[in-house]
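K.L.:
here is the input, now give the coordinates:
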Amino acid sequence: MTEIDPATSALLLIDLQARIVALPTTPYTGEEVVANALRLREAFHQAGAPVVVVKVSRPDNPPGNELVFETGDDKIVTKYTIGGFAGTDLDEYLRGAGIRTVVFGGIATEFGVESTLRAASDHGYDTVAVSDAMTALSEISHENAITKIFPRLGTVVTTDEAVAALT
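P.N.:
Predicted coordinates:
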């Protein structure tokens, strides 16, 4: 990947809520993912590109449902299913902003991130998975997603590569 155009790209951060960040994840801890996600978020803000924070809502509203960072002017999408597109205004928002490329980070790779990334591809968006800005509940699930699934649907990069590519 050589370029992420801020005029037509958005960052999607999936399920970075306290109870989810605290899960035992691999190959990265929740804190490592949050640190990389915040680096990406800052780079997208500096480039003038939109950031969308997708959070999950459960009927029982368990403790720890709050996001682990202040969202400021970021677009917040609340999902009620595993993926960020079903039953939300995510697609409408992205299309209205002229977005063609969606860059992904979050927890868990094999659940909310993968479901939303697959749906983004189905909706015709180019996808970029930031491999160290996401983590999974099992190492094999993360490895499978970033080496087998995501490359077939788009591009896989690291946080450093994504920040460098944001022109």
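
K.L.:
in a helix, residue 141, correct?
P.N.:
Yes: assigned with DSSP: H, G, I helix; E, B strand; the rest coil, residue 141 falls within a helix.

K.L.:
what's the local residue count around it?
P.N.:
Using other CB atoms under 10 Å, residue 141 is surrounded by 17 other residues. C-betas here are computed from N, CA, C, even on glycine.

K.L.:
now the lengthiest strand in the chain: buried residues?
P.N.:
In the chain, with assignment by DSSP state E, the single longest strand is strand 126-135. Using 16 or more other CB atoms under 10 Å as the test for burial, strand 126-135 gives 126-135.

K.L.:
give the other helices and strands that that strand contacts.
P.N.:
helix 30-47, strand 101-107, helix 114-122, helix 150-153, strand 154-157, helix 159-165 (3 or more CB pairs under 8 Å, 6 or more residues apart in numbering; DSSP states H and E).

K.L.:
CA atoms only for that strand, dumped as CSV, please.
P.N.:
This file holds the C-alpha atoms of strand 126-135, laid out as CSV (Å, rounded to 0.1, in the frame of the first residue of the first chain):
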residue,chain,number,x,y,z
ASP,A,126,-12.0,-0.8,-0.4
THR,A,127,-10.8,-2.2,2.9
VAL,A,128,-7.6,-1.8,4.8
ALA,A,129,-7.1,-4.0,7.9
VAL,A,130,-4.5,-2.7,10.4
SER,A,131,-3.1,-5.9,11.8
ASP,A,132,-1.6,-4.5,15.0
ALA,A,133,-4.6,-2.2,15.7
MET,A,134,-6.8,-5.3,16.2
THR,A,135,-6.6,-8.5,18.3
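
K.L.:
average pLDDT for it?
P.N.:
Average pLDDT, strand 126-135: 98.

K.L.:
list the pairing partners of that strand within its sheet, with orientation.
P.N.:
strand 101-107 (parallel), strand 154-157 (parallel) (DSSP bridges).

K.L.:
helix, strand, or coil at the residue lying farthest from the centre of the chain?
P.N.:
The outermost residue of the chain, judged against the average C-alpha position, is residue 60 (24.1 Å), by CA atoms, centre = their mean. Put simply, residue 60 is coil when judged by three-state DSSP.

K.L.:
check the one 10 residues further on too.
P.N.:
In terms of secondary structure, residue 70 is coil; the call rests on three-state DSSP.

K.L.:
name the nearest residue to residue 125, sequence neighbours excluded.
P.N.:
residue 102 (4.8 Å; CB to CB, 6 or more residues apart in numbering).
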